[in-house]
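K.L.:
Here is a sequence together with a model predicted from it:
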Amino acid sequence: MLKFKSVLFLFCFTSVSTLLLAQKQTDKTTLLKVLSLQQAAWNNGNLDSFMLYYWHSPELRFISKKGVRKGWQEVYDNYKKSYAGKEQMGILKFDIKSIDFMDKNNAMIVGSWQVKNDSGVHEGYFSLWLKKILTNWVIVVDHTS
């Protein structure tokens with residue numbers, strides 16, 4: 001009987017571990033897709049679509065050398081002011097360095113960004129905290145330098 005319980009425990013543990021790894025891989029693929037869609041929206045000059053992946057909440061945080069911006073609307077307005085049109089937005093490229101899961105509904109992405117536009121090449125690093133709300137991953141904190 002003890003041997004049966006041990007085998008049953010091992011089977012259950014292995015099954016749960018396999019399911020969790022599969023879900024983590026699915027979520028990682030989804031997060032990469034989110035950034036790919038954001039990049040495409042930016043490169044098409046579509047700020048509204050780019051902002052779809054930010055948490056539409058007054059609790060959204062955007063941190064940069066200019067300080068901390070709070071709330072979706074303030075972040076949107078700042079982007080709109082800094083990048084008035086497609087020419088100013090230029091071409092965005094992300095280079096993802098890591099994706100780490102804090103738990104099943106929270107992830108941290110670290111990477112670098114580069115924008116080429118009429119005024120030159122601008123680049124830096126970012127860390128994004130994404131949260132799964134219902135079934136969608138959204139950026140809740142963006143720290144960009």
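P.N.:
Cool, the structure landed. Residues are numbered from 1 along each chain as shown.
K.L.:
quick one: what helix or strand has Asp77 in it?
P.N.:
Per DSSP states H and E, Asp77 falls inside helix 72-82.
K.L.:
Same check on Val115?
P.N.:
strand 106-117.
K.L.:
average model confidence for that strand?
P.N.:
Averaging the model's pLDDT scores along strand 106-117 yields 98.
K.L.:
May I see the buried residues of the next helix or strand after it?
P.N.:
Next helix or strand after strand 106-117 toward the C-terminus (DSSP H and E): strand 120-133. Neighbour-count burial for strand 120-133, counted by 16 or more other Cβ atoms under 10 Å, picks out 126-130, 132. Quick note: C-beta positions are derived from backbone N, CA and C, even for glycine.
K.L.:
any chance of those residues in JSON lines, plus pLDDT?
P.N.:
As requested, the buried residues of strand 120-133 are exported to JSON lines (pLDDT from 0 to 100):
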{"residue": "Phe126", "pLDDT": "99"}
{"residue": "Ser127", "pLDDT": "99"}
{"residue": "Leu128", "pLDDT": "99"}
{"residue": "Trp129", "pLDDT": "99"}
{"residue": "Leu130", "pLDDT": "98"}
{"residue": "Lys132", "pLDDT": "98"}
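K.L.:
Please tabulate the residues you listed in JSON lines, including the columns distance to Lys3.
P.N.:
Shown next, in JSON lines, are the buried residues of strand 120-133 (distance: Cβ to Cβ, whole Å):
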{"residue": "Phe126", "distance to Lys3": "52"}
{"residue": "Ser127", "distance to Lys3": "48"}
{"residue": "Leu128", "distance to Lys3": "48"}
{"residue": "Trp129", "distance to Lys3": "46"}
{"residue": "Leu130", "distance to Lys3": "44"}
{"residue": "Lys132", "distance to Lys3": "40"}
